[in-house]
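> Pasting the sequence and the predicted model now:
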Amino acid sequence: MGRHFMICVDNGGYESSLETRKLYEVLTDTVAEKHQQIRVIDESGEDYLYPERFFAPVRLPRVTKEKLESITA
């Protein structure tokens, strides 16, 4: 599974699991994507499916992405 990061723009119904304006690690899940969902490592530290509309893509500098990947490995 590939990894990337997205920002939460809506947490309606998932207030204890997601924080708006927070960056989350997203795991690639092609089955979930077919259902307009994404697999996110949420506040519990586990990965769960959420509606993809809750998140927006962010473009991170390479060095920032490398640092984030090294602490989440």
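Thanks, I have the structure now.

> To what extent is the residue nearest to Val58 when sequence neighbours are not counted buried, counted in neighbours?
Leaving aside its sequence neighbours, Val58 sits nearest to Ile7 (CB to CB, 6 or more residues apart in numbering; 5.1 Å). (Each C-beta comes from the backbone N, C-alpha and C, glycine too.) By the criterion of other CB atoms under 10 Å, Ile7 has 14 neighbours.

> How about Glu52?
By other CB under 10 Å, the residues close to Glu52 number 16.

> And the nearest residue to it once chain neighbours are set aside, which helix or strand is it part of?
Leaving aside its chain neighbours, Glu52 sits nearest to Ile38 (4.8 Å; criterion: CB to CB, 6+ apart). In the assignment (DSSP states H and E), Ile38 maps to strand 37-41.

> So which other helices or strands are in contact with the helix or strand following that strand?
Using DSSP H and E, the next helix or strand after strand 37-41 towards the C-terminus is strand 47-51. Here strand 47-51 touches strand 37-41, going by 3 or more CB pairs under 8 Å, 6 or more residues apart in numbering; DSSP states H and E.

> Stretch 32-42: how far from the chain's middle?
9 Å (CA atoms, centre = their mean, to the nearest Å).

> Might one say that Val40 is in contact with Lys22?
No. Judged on CB atoms under 8 Å, Val40 makes no contact with Lys22 at a distance of 10.5 Å.

> Which of these two has more residues huddled nearby?
Legend: neighbour count by other CB under 10 Å for Val40 and Lys22, higher for Val40 (26 against 12).
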